[in-house]
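Student: just the structure for this:
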Amino acid sequence: MLFQSFDLGAIRDCASLTVLASGKKISAPPRRCHGFAYFFDGHADYIYANTTLRVGPGSLLYLPMGVPYEIVRPELSHCIVFDFFTREDSAPQSPFCRTYELTALGDTFRALWRAFSVKAENHLAECKSLFYKIVSIIQQYEIGSYLPSARYLRLLPAVEYLRANFTTDDVSLATLAKIAGIGTKHFSQEFGKFFRLSPKQYLIRLRLSHAQELLLHSDLSILEIAISCGFKNEYYFSKLFKEKIGQTPSAYRAAHPF
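Tutor: Next comes the predicted model:
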């Protein structure tokens, strides 16, 4: 599955590009950062030393840092390119291309470009949040498309329980494994294999996403939000929120007045 260990670092740029057709092969120097390009229309070939990647409408192209390539564009195309760095070299070293028939993916790339272009006070935190939303959309698609159905269906009741009860205390590994009808070690292995996150990491992602919604659309205090999202104290919640989102809860709320 894609995005096994991505840990987004600094964001360099996000641009919406309309690229003119050219029958010539264009050489591109090694990139100074990693990049994703999502294509809305048009076709092109990205040629690396050992492979040729053909993109078209709905294609997501990954362009690794430091690798030279060539491009052939037989027709006009429109794409959004997101340039970024990762922490601890967590990005793949090889290029890849996947094509998705997902309206939500294109919509989220457009939202990412708008957030970066407007450059509001909180735009980098918002861009990071939208990037991880893109990751989530793709992971969910790939789970549904490629996982052996029997194995995924065994986990599904536990996953649905976790999504419905993530704000409570009763979401222990033992509880989830019992719902799935397998041992805790086996459950953790299967969950991590399919979601590329541990059950605890997935739980934290759900809680922080809910916290963002409450910060934007309620007048609850930071402590009340922490408790409402399943965190035991405000300090741990605030520390984790800043680590994952890039701002403290108070700063995030101040940048998004409702």
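
Student: ok, residue 152 touching residue 194?
Tutor: Yes: Residue 152 is in contact with residue 194 according to Cβ atoms under 8 Å; the separation is 6.6 Å. Using the backbone N, CA and C atoms, a C-beta is placed for each residue, glycine as well.

Student: so which bits of the one helix or strand in the chain whose mean pLDDT sits lowest are buried?
Tutor: For the chain, using mean pLDDT, DSSP states H and E, the weakest element among its helices and strands is helix 123-146, scoring a mean of 78. Within helix 123-146, the residues that count as buried by 16 or more other Cβ atoms under 10 Å are 123-139, 141-143.

Student: residue ranges of each domain in this structure, please.
Tutor: Taking automatic domain parsing as the reference, the chain has its domains at 8-120, 147-196, 201-255.

Student: Throw those into JSON lines and include mean pLDDT and mean neighbour count, thanks.
Tutor: Below are these laid out as JSON lines (pLDDT from 0 to 100; neighbours: other Cβ atoms under 10 Å):
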{"stretch": "domain 8-120", "mean pLDDT": "87", "mean neighbour count": "16"}
{"stretch": "domain 147-196", "mean pLDDT": "85", "mean neighbour count": "15"}
{"stretch": "domain 201-255", "mean pLDDT": "88", "mean neighbour count": "17"}
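
Student: ok, residue 130 - contacts?
Tutor: By Cβ atoms under 8 Å, 6 or more residues apart in numbering, the residues touching residue 130 are 108, 111, 112, 115.

Student: ok, residue 133 to residue 109 distance?
Tutor: 10 Å (Cβ to Cβ, to the nearest Å).

Student: distance between the lengthiest strand in the chain and the chain's centre?
Tutor: Longest strand of the chain, by residue count under DSSP state E: strand 8-19. Relative to the centre of its chain, strand 8-19 is centred 15 Å away, using Cα atoms, centre = their mean, to the nearest Å.

Student: look up how far residue 83 lies from residue 24.
Tutor: From residue 24 to residue 83 the distance is 24 Å (Cβ to Cβ).

Student: mind checking the SS state of residue 36?
Tutor: strand (DSSP: H, G, I helix; E, B strand; the rest coil).

Student: next up, the contacts around the residue nearest to it when sequence neighbours are not counted.
Tutor: Closest residue to residue 36 apart from its sequence neighbours, by Cβ to Cβ, 6 or more residues apart in numbering: residue 82 at 4.8 Å. Residue 82 sits next to 11, 13, 14, 35, 36, 37, 38, 109, 112, 113, 131 when contact means Cβ under 8 Å, 6+ apart.

Student: hmm, 10 Å instead?
Tutor: 11-15, 34-38, 109, 112-113, 116, 127, 130-131, 134 (Cβ atoms under 10 Å, 6 or more residues apart in numbering).

Student: quick one, strands of this protein?
Tutor: Going by DSSP E, the chain shows strands at 8-19, 22-28, 34-41, 44-47, 52-55, 59-63, 69-73, 77-86, 96-99.

Student: surely residue 91 and residue 31 touch.
Tutor: No: the pair residue 91 / residue 31 is not scored as a contact, 11.2 Å apart, by Cβ atoms under 10 Å.

Student: identify the contacts common to these two.
Tutor: 64, 65.

Student: quick one: end-to-end distance for stretch 186-205.
Tutor: 22 Å (Cα to Cα, to the nearest Å).
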